[in-house]
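Chemist: Sequence first, then the predicted structure, then my questions.
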Amino acid sequence: MKLTIHEIAQVVGAKNDWSQLADLSVNKIEFDSRLIEKGDIFLPLKGARYGHDFIEIAFDNGAIISFSEKEVEQAHLLVDDNLAAFQTLAKYYLEKTKVPVIAVTGSNGKTTTKDMIAAVLSKKYKTYKTQGNHNNEIGLPYTILHMPEDTEKLVLEMGMDHPGDIDFLSQLAQPELALITLIGEAHLEFMGSRENIAKGKMGITAGLHGELIAPADPIINAFIPENQKISRFGLPGEDLFITKLIEHKERLTFETNFLDESITIPVPGKYNATNAMLAAYVGLHYGLTEAEINKALKEVELTRNRTEWKKSKNGADLLSDVYNANPTAMRLILETFQAIPKNENGRKIAVLADMLELGPTAAQLHKEVLKSIDFTKIDKVYLYGEMMKNLADISTDKPVSYFTDLDLLTESLSADLKPADQVLFKGSNIMKLSEVVEKL
Ligand SMILES: N#Cc1c(NC(=O)c2cc(S(=O)(=O)N3CCOCC3)c(Cl)cc2Cl)sc2c1CCN(Cc1ccc(O)cc1)C2
């Protein structure tokens, strides 16, 4: 990001004397000390471990300055709240660079739609988009501050865990175009009811300067602001809808009421046709030709393994979150999983695998996961991998079973699984929990 320490310090209101570092330029900002490179600024966040524990490591890796909420010996910018400073800096950076933002939210499909919009816009503009699941109050500012300096369009995914989350992200990002892909069902979110989910997603209008594209679903009608320019999609007769759909095994061709030509995408599923239709509409909005749009969608690369619920063969709910295998993400997904009501007569099972490349304190960091498991909510824990032995060894009095073999883990879980169960899978990608999910 193109910012000097002087500029950053002023924007975040640093309280200490930073003048001796004033005109140094910063390379990039990181909250994971493993990603720090020469010339970076470190952002200690209250992860599973307090981020300040890693300031020394960050400087060993090349950081030249760090945010900090307390006086430390290393070069630092003293602020009241590191996360708030990070978010303020991201908002400032967007205002300074004036990069237009397209915002996408929705219970399902937001990641695919984000990817498709970025693929379309990339045909005409230098486009940057949310990476992985960086769609919350930490990931969104991270995405903004990591966009390349020549970015012309920024496609931001906005995720919601709690009411007000999207309002906050929209006010930070000030989008000029916003899309809501779908209002999902209630039980898989904190929100309690579909109305609350609709209200939450409509928070995307809080900072919106332009058009909203939203489902025909009348549940959002109560939350449309006065004078909001809006296009509705889905049902025939709405502003945007599919008029013809031909599904093949590995691809799909469809037509719409607003395009002259048909569109082919390399994935099946009517919901993907809807997502592609929205991306096509955004392409037209930004002056792309139908030929450019069609070419982009024909070859789109989708973010794989999104964090979504799947069903096992016997009907159990499976949540596999294969992003960010670090202590914080493990803590956050356990909190989310534990907060969701159980299915009637169902159990909650957590399958946790090794988090890799955590450095010399890895064993301790795996032991500390125990603090995030609420055994009044979780009925059973399956642990898998060399590092998870550290957690197994301190959980002998808990309903915890430990495996070093993936096939034995799969067999044991498959034999144990009941239709009303909910199962969480979390661990580094190369632990291959995704294969266990596929076999269930
Ligand atoms: N706690 C903790 C740690 C990390 N946490 C995070 O990176 C992190 C991840 C997440 S997240 O949940 O993954 N995430 C990020 C982006 O947006 C979506 C959500 C969040 Cl929200 C916050 C933090 Cl602080 S990264 C990391 C640790 C602790 C260990 N660190 C390596 C290390 C080990 C031993 C050492 O001596 C030094 C460093 C790496």
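Modeler: Happy to help now that I have it.
Chemist: sec struct for Ala363, please.
Modeler: Three-state call for Ala363 (DSSP: H, G, I helix; E, B strand; the rest coil): helix.
Chemist: who touches it in this structure?
Modeler: Met387, Asn390 (C-beta atoms under 8 Å, 6 or more residues apart in numbering). For every residue, glycine as well, the C-beta is placed using N, CA and C.
Chemist: What's the per-residue pLDDT of it here?
Modeler: Ala363 is assigned 96 on the pLDDT scale.
Chemist: What distance do you get for it to Met387?
Modeler: According to C-beta to C-beta, to the nearest Å, Ala363 stands 7 Å off from Met387.
Chemist: Also Ser170?
Modeler: Distance from Ser170 to Met387, by C-beta to C-beta: 39 Å.
Chemist: again with Pro225
Modeler: In terms of C-beta to C-beta, Pro225 sits 49 Å off from Met387.
Chemist: Which residue of those two possesses the greater neighbour count?
Modeler: Remark: of Pro225 and Met387, Met387 carries more neighbours, 22 against 11, as counted by other C-beta atoms under 10 Å.
Chemist: Dihedrals phi and psi, that one?
Modeler: phi -70, psi -30 (degrees, to the nearest 10).
Chemist: got it, and the one 4 residues further on?
Modeler: According to degrees, to the nearest 10, the main-chain angles of Leu391 amount to phi -80, psi -40.
Chemist: isn't it right next to Gln364, touching?
Modeler: No: in this structure, Leu391 is not within contact of Gln364 by C-beta atoms under 8 Å, at 10.6 Å.
Chemist: Show residues contacting the helix-or-strand element of the chain with minimal mean pLDDT.
Modeler: Least confident helix or strand, the chain: strand 309-311 with a mean of 88, by mean pLDDT, DSSP states H and E. Contact with strand 309-311 is made by Leu188, Asp317, Leu318, Leu319, Ser320, Val437, as judged by C-beta under 8 Å, 6+ apart.
Chemist: how about TSV for these, with neighbour count, distance to the ligand and secondary structure added?
Modeler: Below are these laid out as TSV (neighbours: other C-beta atoms under 10 Å; distance: C-beta to the nearest ligand atom, whole Å; DSSP: H, G, I helix; E, B strand; the rest coil):
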residue	neighbour count	distance to the ligand	secondary structure
Leu188	17	18	helix
Asp317	21	21	strand
Leu318	21	20	strand
Leu319	20	15	strand
Ser320	23	15	strand
Val437	20	20	helix
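Chemist: would you list every one of the helices in the stretch 251-400 of the chain?
Modeler: 270-285, 290-298, 327-339, 362-367, 389-393 (DSSP state H, counting those that start in this stretch).
Chemist: do you know which of those helices lies nearest His248?
Modeler: Nearest of the helices of the stretch 251-400 of the chain to His248, taken as C-beta to C-beta: helix 270-285 at 12.0 Å.
Chemist: Would you mind listing what in the stretch 301-440 of the chain touches the ligand?
Modeler: Counting by C-beta under 6 Å from any ligand atom, the residues of the stretch 301-440 of the chain close to the ligand are Asn324, Asn326, Pro327, Thr328, Ala329, Leu332, Leu358, Gly359, Pro360, Thr361, Leu365.
Chemist: cutoff 8 Å now
Modeler: By C-beta under 8 Å from any ligand atom, the residues of the stretch 301-440 of the chain that approach the ligand are 323-324, 326-329, 331-333, 357-362, 365.
Chemist: give the contact list for Leu145.
Modeler: So Leu145 contacts Met1, Lys28, Ile29, Phe86, Leu89, Ala90, Tyr93 (C-beta under 8 Å, 6+ apart).
Chemist: Among these, name the ones in strands.
Modeler: Ile29 (DSSP state E).
Chemist: re earlier: report the buried members of the residues of the stretch 301-440 of the chain next to the ligand.
Modeler: The neighbour count (16 or more other C-beta atoms under 10 Å) marks Tyr323, Asn324, Asn326, Pro327, Thr328, Ala329, Arg331, Leu332, Ile333, Leu358, Ala362, Leu365 as buried among these.
Chemist: As a markdown table, the residues you listed with distance to Ser68 would be great.
Modeler: Formatted as a markdown table, those follow (distance: C-beta to C-beta, whole Å):
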| residue | distance to Ser68 |
| --- | --- |
| Tyr323 | 27 |
| Asn324 | 23 |
| Asn326 | 21 |
| Pro327 | 20 |
| Thr328 | 18 |
| Ala329 | 23 |
| Arg331 | 22 |
| Leu332 | 23 |
| Ile333 | 28 |
| Leu358 | 22 |
| Ala362 | 25 |
| Leu365 | 22 |
